[in-house]
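Engineer: Using only what follows, build the 3D model:
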Amino acid sequence: MARRYIGVSFAAALSLCLMGAAAQAQVKIVFNSFAPPTFVINQGMIDVWAKNVERVTEGRVKVEIPATSLAPPPQQWEMVTQGVADGAYIFLGFAQKRLLLPQIATLPFGTPSATAQAVALWRTHKRFFEKANESEGVVLIGYFGSPAAYLWSADKPIAAVGDLKDVKTWSLPGDQGRALAALGAVIVPGPAVRSYEIISKGIVAAWGGHNFDGSASFNVTQYAKAVTLVPGGIGAAAFAVFLNKAKWDSIPKRDQDLIMSVSGEEIAKLTKVWDNREAAAFARAKQEGRLQITTASPQLMADLQKSWAFLQTEWIANAATRKVDGPAALKYYLDTVKELSR
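Structural biologist: Predicted coordinates:
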């Protein structure tokens, strides 16, 4: 009788252990993406990261991306800290006051490729920014970037800084909008997902914020007659990827380490898919021959550099408020971008 009791008790204990293991396997991260499902962020970047997380944790952690966004683009941080979603990415232009330091990746002329931009940002973060703890309240797990943005026009090419004076111009919020405003443009700001609504209605006659892939993806290339290429871009979009701290703390340390093994610089490297799409979109635009594509002249570049120098100066001053050596961090970032772009 005693042996039977012991056998039943052992079976019950084993069953409880198996149930515990099964419960651990059900850790789910609801990760929000505000971009359309067919956009590059969801087609080779965040979706790939989600699969990598499930793979390295052997299914113990699963990332679920809702079919539609759980909050508007500017409210991703609040959405995650309030627990509406467990994770998200945010366009840095919507986090200018909170995330001062990573704005370095949005400065003009600094994006020869999206991959170089994103990897350099992560490395600079680890060396200079992490100690400032700007992401207090969430767990920052990486950054990804975008190809450089250019100057688009519904009329003639933008060949001189005066060509944008008093011209209504759509731009992403942040440094790009401020840069164009410094040229006298009348800025109509908004997230990329609203650019079609603004551009297609003829509200603006020019726009920044878009590279060739973004312009095609958001279906606004058809409204442009000319685009002026600015080496390194008039800026570029960059995004911080983060998780709810309580959700992160609920994940066993072993799986946290595995998640980070496919995050950080590995997330940044996923940006390569955007570089590939950008090259393909540019080649299609040239082949179609409808757009007048020009490259900024030396005079225009000199004038832009003079007009936009204040952005670097401000970034260095902002870095000082976070007790970060701005000149050293900026040099490291630009040197790393240059090295990676080779």
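Engineer: Tell me which helix or strand comes right after the lowest-mean-pLDDT helix or strand in the chain.
Structural biologist: Across the helices and strands of the chain, mean confidence by mean pLDDT, DSSP states H and E is lowest for helix 2-24: a mean of 44. Counting by DSSP states H and E, the next helix or strand C-terminal to helix 2-24 is strand 27-30.
Engineer: At the geometric centre of the chain, which residue do we find?
Structural biologist: F239 (2.3 Å; Cα atoms, centre = their mean).
Engineer: How about that one: which residues does it bridge to?
Structural biologist: Assessed by DSSP bridges, F239 has beta-bridge partners F91, F144.
Engineer: Just to check, it is in contact with F91?
Structural biologist: Yes. Contact status for F239 versus F91: in contact at 5.7 Å, counting by Cβ atoms under 8 Å. Where you see a C-beta, it was placed from the backbone N, CA and C, and this is true even at glycine.
Engineer: quick one: contacts for the residue nearest to the centre of the chain?
Structural biologist: Neighbour list for F239: I41, Y89, I90, F91, L92, Y143, F144, G145 [criterion: Cβ atoms under 8 Å, 6 or more residues apart in numbering].
Engineer: The same query, at a cut-off of 10 Å, please.
Structural biologist: 35, 41, 45-46, 76, 88-95, 102, 105, 118, 121, 142-146, 267, 271 (Cβ atoms under 10 Å, 6 or more residues apart in numbering).
Engineer: Could you report the separation of it from I90?
Structural biologist: 6 Å (Cβ to Cβ, to the nearest Å).
Engineer: who touches both of these two?
Structural biologist: Q76.
Engineer: quick one: low-confidence parts of this structure?
Structural biologist: 1-25 (pLDDT under 70).
Engineer: okay, now the domains of it?
Structural biologist: The record's domain split for the chain, according to automatic domain parsing, is 25-99+112-145+237-272, 151-235+276-341.
Engineer: any common contacting residues for F239 and F91?
Structural biologist: A35, Q76, S146.
Engineer: so which of those residues is the most crowded?
Structural biologist: Neighbour tally across those (other Cβ atoms under 10 Å): the maximum, 31 neighbours, falls on S146.
Engineer: Distance of the residue lying closest to that one once chain neighbours are set aside relative to I41?
Structural biologist: Once flanking residues are discounted, S146 sits nearest to A237: 4.1 Å by Cβ to Cβ, 6 or more residues apart in numbering. For A237, the distance to I41 (Cβ to Cβ) stands at 10 Å.
Engineer: repeat for V119
Structural biologist: In terms of Cβ to Cβ, V119 sits 17 Å off from I41.
Engineer: Compare neighbour counts for the two and give me the winner.
Structural biologist: Neighbour count, other Cβ under 10 Å: between V119 and I41, V119 has more, with 26 against 22.
Engineer: Point out the other helices and strands that the helix or strand hosting the more buried one packs with.
Structural biologist: Using DSSP H and E, V119 sits in helix 114-124. For helix 114-124, the packing partners by 3 or more Cβ pairs under 10 Å, 6 or more residues apart in numbering; DSSP states H and E come out as strand 138-145, strand 238-244, helix 265-269, helix 272-288, helix 326-341.
Engineer: how about those in CSV, adding distance to R60?
Structural biologist: Output for these, formatted as CSV (distance: least, Cβ to Cβ, whole Å):
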stretch, distance to R60
strand 138-145, 17
strand 238-244, 16
helix 265-269, 19
helix 272-288, 27
helix 326-341, 33
